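1. Give me a 3D structure for the following:
(2 chains)
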2 protein chains.
Amino acid sequence: MGYNFSAGPGIMPAAVVEQIKRDMPSYKDSGMSIMEISHRSALYDEMAQQAETDLRDLMQISDDYEVLFLHGGGTLQFTNVPLNLATKNHHVAYLNSGHWAKKALDAANRIDGLTVEDIQPEKTGYLPSIKNPSVGPLDYLYVTTNNTIEGTTYHQIPKINTPLVADMSSNILAEPYDVNQFDLIFAGAQKNIGPAGMAIVIVKKNRLHEQPILSEIMDYHLEAKKHSALNTPPVFCIYAAGLTFKWLKQFGGVDRIYEQNQEQARTLYDSIDNSKLFKNDVPTRERSLTNIVFKTGDDNLDQQFVTQANRQGLISLGGHRLVGGMRASLYNAMPNEGVDALIDFMKRFEIDNGGLH
Amino acid sequence: MGYNFSAGPGIMPAAVVEQIKRDMPSYKDSGMSIMEISHRSALYDEMAQQAETDLRDLMQISDDYEVLFLHGGGTLQFTNVPLNLATKNHHVAYLNSGHWAKKALDAANRIDGLTVEDIQPEKTGYLPSIKNPSVGPLDYLYVTTNNTIEGTTYHQIPKINTPLVADMSSNILAEPYDVNQFDLIFAGAQKNIGPAGMAIVIVKKNRLHEQPILSEIMDYHLEAKKHSALNTPPVFCIYAAGLTFKWLKQFGGVDRIYEQNQEQARTLYDSIDNSKLFKNDVPTRERSLTNIVFKTGDDNLDQQFVTQANRQGLISLGGHRLVGGMRASLYNAMPNEGVDALIDFMKRFEIDNGGLH
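-> Numbering: from 1, shown residues only, chains lettered A, B, ... in the order given. Modelled structure (predicted):
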C-alpha cells in the first residue's frame, strides 16, 4: 500500500476509482462503457447535468453563473480568459504570485491590443495583495488562489471593486471560497476533480457576450449556449468529475473536507516546524493546505529523501523541477493515514541523517 | 447484447475496455490507477512513448514527422492548423466537402490576415477534387478524408504539388493512407482511437517553426519540444489510445482492418442497394466505409426505424440532425455480427413496412 503525493495528476478517491471500474464495461446497463456513449444521448445528458448540479451544490453556485466543462486543461484558459473577458477596457491586471500566475500573465501578453499590468508582491517572500490596482478601469484582476509550486495560498479574498478572475486549479473544492466574489473561476481537473484533460469554468452570465473571438471552441458564450457540447466534450472526464462531486457530497461537502485539509496540513506543518532538518519558509497565513513544500537546504539530501520515500510507497514527493526540495500534495482524496505515514518517514529520515527529534 | 453505431464517441474494442477495467485500481502494480500517475513519472513516459511507437508502426510514420497527443479534440485543431502552418504565404485552400470541412474553413476565416479559398465541388453530389488550386502559392490545401455526416470519403489521394493537410478524424486507422503525402494529419480521438478529449497531430518536422503564435499551448513546435507535455497531457486518453493501437496491431494492422471494413461496408451497401425501401445517394467511389448513411425518403419512417432499432439493441442509428435519415458508423471496433444484426433488422423492417425483398 502506498500514498500518492503527486501535484497532479494526483490521487483520486479510492471509491471513485472503484466506481469507474464497476461501471465498465456496461454503464447503467446500457451495454456500452461511458467512453462509448454519444454526447447526443439521454445517458450523456443526464450524467453531465447531474455533475453540474452536484458542483453547483458543493460550491453554492447561483443561476447568475454558467458552469462549463471544457477541453484543454487549465492552460488553454490562460488564453481563453482574456479573449473572452478583456473585451471592454482591454486592460487587465495579474497578481504575479508564482510560476503559474506568471504563465497566465505571459499568455495574456500575447494578445494584441491588451494592456497587462504585472502586480508584484509589496514585500519579498509574501504574496501580492488583492486590492484595487491604482490603474483602471480594468476588465479584471487575476488571482491564482493556490500556487502549486511555491506552496502559497490566498485563504481570504477581500471584497474589492475590480472584477476578479481566479485560477483555482489546485485548491478548488479544497477550501470554501464565495463564488459570488468572482466573475470567473477556472480549474484544471487533474488535482481535486478527476482525470487530466478537462477544465471547469464558472463564469458570470453577464460577462458573456456575442462578440466573435478567434475560435468558436474557445468562446465561453457559445460553449454556454451548447452546454459545453459545441464539439464532442471530454465525456469520460466529466463522468469521473461527477463521481468525485458525489463522493465529496457524501463526505460532507467543502466545509467538511476543509476541516480535514486544515487538520492534515496543520499536522504536517507542525512536523516540519518542529524538525531540525526540514523547513518551510512560507509566511504562516499564506501557507497552502494542498501543496506543502519543504526542504533540508541540501539538494543531495532532498534527493535522497525523495528516492527513499518512494521506496517506502510515498510517491512523487519531489518538488517542482524549478524549485527543487520536496512537495507533498494533500488533495481532498488524501487519507489521514497518508499524512501520518509521511510524517513517520520524515522522523525516521531525520534520525538516520543525524537530526535530533 | 447490443451494437453501438454512434458516430462518436463510438464503439471501442471490447478487449480494450476490459483491459482498462483490469488496470484499475492499480496500473502495473503501482498502487495507482493510470488516472493518478504524474506526467513527470517513468510510468507515464513509458506508456506515452509506447503509444507513439505503436501508432508510428501502424501508420508507418517516419522520423520526418512529429506525433503529438493534444488536448482539445479535433475542433481546436481547426484553429491551430492555420495558426501554425499558414505563416509563410498566409494563403490556404479548403476542399469544402461537407459540414466539418466547412467548420474548419470558417475557423480559418476568423484568422486575421489569412486568405482562405473555398473550393466547391465541380459536380453537384460529388466531392471537390484534390488537385493544385489555380491560385497560390498556398501554405496548404485542406482535405477532410472522411465526411462523417455526408458519408463520403476520399479513398485515393493523388500526388499534387500543394502541401496537404488532412482531418482524418473519422477514418484514421480505418483505411491505409500514405502519411508521406501529407504535411499534417490530425484526428479527434473519439472514433477509431479512444475516449473523447484528445486529438492526435502528425506533423512534418520541417513545417514547425519558432515564430510565436497566440498561445503556447496551441503551438505545435513547443508541444513537439515537450513531447506533448507542455501542460498536463490527457493521460487517460493517451493510455486508452495506446491500448487501441496494441489491439489493432494484434488484429493485423491497418491493412487487415481495412479488409474487414471494406467487407462490412460492401455487405451493408449491397443490402441498401438491393432494398426497395432504403437508399444511399453517394456516388459509389466516394462512399464512406466508416459512416454509412441511408434513408427511406420518409422522415417519419426514418424516425420509426431509429426508434425500433434502438429497442433491438442497435443503438445510435439516427443520422446527424442536419441531414436526418440514418447513419451506421462502422468503426474499427464494430464486429461483423453487428453489421449482420443491422442488416437483419433492416430486412424485417422493410417487410413490416410493405416493402418486397
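2. List the residues that contact A:Ala86.
-> A:92, A:108, A:111, A:114, A:139-140 (C-beta atoms under 8 Å, 6 or more residues apart in numbering or on different chains). For the C-beta atoms, the positions are set from N, CA and C on the backbone; glycine is no exception.
3. Please, which helix or strand holds A:Ile292?
-> strand A:291-294 (DSSP states H and E).
4. Below-threshold pLDDT in chain A: ranges please.
-> A:1, A:355-357 (pLDDT under 70).
5. can you pull out the helices in it?
-> A:14-22, A:42-59, A:73-85, A:99-109, A:220-225, A:235-251, A:253-273, A:299-311, A:336-352 (DSSP state H).
6. can you give me the angle the longest one makes with helix A:42-59?
-> Spelled out, that is helix A:253-273. Per axes from the mean of the first three to the mean of the last three C-alpha atoms, to 10 degrees, the angle that helix A:253-273 makes with helix A:42-59 is 60 degrees.
7. Of all the residues in helix A:253-273, which ones are buried?
-> Neighbour counts over helix A:253-273 (16 or more other C-beta atoms under 10 Å in any protein chain shown) mark A:253-254, A:257-258, A:260-261, A:264-265, A:267-269, A:271-272 as buried.
8. now the third one
-> Of the residues in helix A:73-85, those buried under the neighbour-count criterion (16+ other C-beta under 10 Å) are A:73-85.
9. and it, does that touch chain B?
-> Yes - counting by C-beta under 8 Å from any C-beta of the partner chain, chain B has neighbours in helix A:73-85: A:73-76, A:78-79.
10. so which of these would you say is closest to B:Asn147?
-> A:Leu76 (27.3 Å; C-beta to C-beta).
11. Provide a list of residues in contact with A:Ile119.
-> For A:Ile119, the contacting residues are A:93-96, A:128, A:133, A:141, by C-beta under 8 Å, 6+ apart.
12. I'd like those written out as a markdown table, with distance to chain B and neighbour count added.
-> Listed next are those as a markdown table, based on distance: C-beta to the nearest C-beta, whole Å; neighbours: other C-beta atoms under 10 Å in any protein chain shown:
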| residue | distance to chain B | neighbour count |
| --- | --- | --- |
| A:Ala93 | 20 | 25 |
| A:Tyr94 | 16 | 26 |
| A:Leu95 | 20 | 26 |
| A:Asn96 | 18 | 18 |
| A:Pro128 | 23 | 19 |
| A:Pro133 | 25 | 16 |
| A:Leu141 | 21 | 24 |
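13. how about those residues in JSON lines, adding distance to A:Pro163?
-> Output for those, formatted as JSON lines (distance: C-beta to C-beta, whole Å):
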{"residue": "A:Ala93", "distance to A:Pro163": "11"}
{"residue": "A:Tyr94", "distance to A:Pro163": "13"}
{"residue": "A:Leu95", "distance to A:Pro163": "14"}
{"residue": "A:Asn96", "distance to A:Pro163": "18"}
{"residue": "A:Pro128", "distance to A:Pro163": "17"}
{"residue": "A:Pro133", "distance to A:Pro163": "12"}
{"residue": "A:Leu141", "distance to A:Pro163": "7"}
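14. follow-up on the earlier one: could you say what helices and strands the strand holding A:Ile292 packs with?
-> For strand A:291-294, the elements it packs on are helix A:253-273, strand A:326-329, judged by 3 or more C-beta pairs under 8 Å, 6 or more residues apart in numbering or on different chains; DSSP states H and E.
15. Go through the helices of chain A and pick out the most buried.
-> helix A:73-85 (a mean of 25; mean count of other C-beta atoms under 10 Å in any protein chain shown).
16. Make sure A:Met12 is actually in contact with B:Met35.
-> Yes - the pair A:Met12 / B:Met35 is scored as a contact, 6.0 Å apart, by C-beta atoms under 8 Å.
17. Tell me the residues that contact both of the two, please.
-> Shared contacts of A:Met12 and B:Met35 (C-beta under 8 Å, 6+ apart): A:194-195, A:240.
18. How about the residues of the stretch 251-357 of chain A by chain B?
-> A:313, A:315-316, A:321.
19. Most proximal residue of the stretch 51-200 of chain A with respect to chain B?
-> A:Gly197 (3.3 Å; C-beta to the nearest C-beta).
20. Leaving out sequence neighbours, find the closest residue to that residue.
-> Sequence neighbours aside, B:Pro234 is the residue nearest to A:Gly197 in space, at 3.3 Å (criterion: C-beta to C-beta, 6 or more residues apart in numbering or on different chains).
21. care to break chain A down by domain?
-> A:14-251, A:253-352 (automatic domain parsing).
22. thinking again about what came up before, with the residues of the stretch 251-357 of chain A next to chain B in mind, which one is nearest to chain B?
-> A:Ser316 (5.1 Å).
23. For A:Asp45, give its distance to B:Gly8.
-> 17 Å (C-beta to C-beta, to the nearest Å).
24. again but with A:Lys103, I slipped
-> For A:Lys103, the distance to B:Gly8 - C-beta to C-beta - is 32 Å.
25. do A:Met168 as well
-> Relative to B:Gly8, and taking C-beta to C-beta, A:Met168 is found at 31 Å.
26. So which residues of the stretch 51-200 of chain A form strands?
-> For the stretch 51-200 of chain A, strands defined by DSSP state E, counting those that start in this stretch occupy the ranges A:65-70, A:91-95, A:115-119, A:140-144, A:146-147, A:152-153, A:164-167, A:184-188, A:199-204.
27. Between those strands, which one is closest to A:Glu216.
-> Across the strands of the stretch 51-200 of chain A (criterion: C-beta to C-beta), the nearest stretch is strand A:65-70, sitting at 12.4 Å.
28. Now do the closest one against strand A:184-188: the angle between them, please.
-> Compare the direction of strand A:65-70 with that of strand A:184-188 by the same axes, to 10 degrees and you get 20 degrees.
29. Only C-alpha atoms, please: export strand A:65-70 in CSV.
-> C-alpha atoms of strand A:65-70 as CSV (Å, rounded to 0.1, in the frame of the first residue of the first chain):
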residue,chain,number,x,y,z
TYR,A,65,-23.2,31.7,-13.3
GLU,A,66,-22.7,29.3,-16.2
VAL,A,67,-20.8,26.1,-15.4
LEU,A,68,-18.7,24.8,-18.3
PHE,A,69,-16.8,21.5,-18.7
LEU,A,70,-14.2,22.2,-21.4
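30. Go ahead and name everything in contact with that strand.
-> With C-beta under 8 Å, 6+ apart, strand A:65-70 has contacts from A:48, A:51-52, A:55-56, A:61, A:76-77, A:179, A:198-205, A:208, A:220, A:223-224, A:228, A:233-234, A:237-238, A:241.
31. Wait, A:Pro212 touches A:Leu222, no?
-> No - in this structure, A:Pro212 is not within contact of A:Leu222 by C-beta under 8 Å, at 9.1 Å.
32. Neighbours of the nearest residue to A:Asp255 once chain neighbours are set aside, how many?
-> Excluding the flanking residues, the one nearest A:Asp255 by C-beta to C-beta, 6+ apart is A:Pro176, at 6.0 Å. For A:Pro176, the count of nearby residues is 15 (other C-beta atoms under 10 Å in any protein chain shown).
33. which ones are touching A:Pro176?
-> A:254-255, A:258.
34. Among those residues, which one lies nearest to B:Asn146?
-> Of the contacts of A:Pro176, the one sitting nearest to B:Asn146 (C-beta to C-beta) turns out to be A:Val254, at 45.7 Å.
35. For that closest one, which non-adjacent residue is closest in space?
-> Leaving aside its sequence neighbours, A:Val254 sits nearest to A:Pro176 (C-beta to C-beta, 6+ apart; 5.0 Å).
36. still on that earlier bit, show residues contacting the strand holding A:Ile292.
-> So strand A:291-294 is contacted by A:7, A:146-151, A:170, A:265, A:268-269, A:272, A:278-280, A:282, A:319, A:323, A:325-330 (C-beta under 8 Å, 6+ apart).
37. and if you look at stretch A:7-14?
-> Against stretch A:7-14 from outside (C-beta under 8 Å, 6+ apart): A:3-5, A:148-149, A:169-170, A:188, A:190-191, A:194-196, A:240, A:244, A:247, A:291, A:316, A:320, A:327, A:329, A:331-334, A:338, B:25, B:32-33, B:35-39, B:232, B:235.
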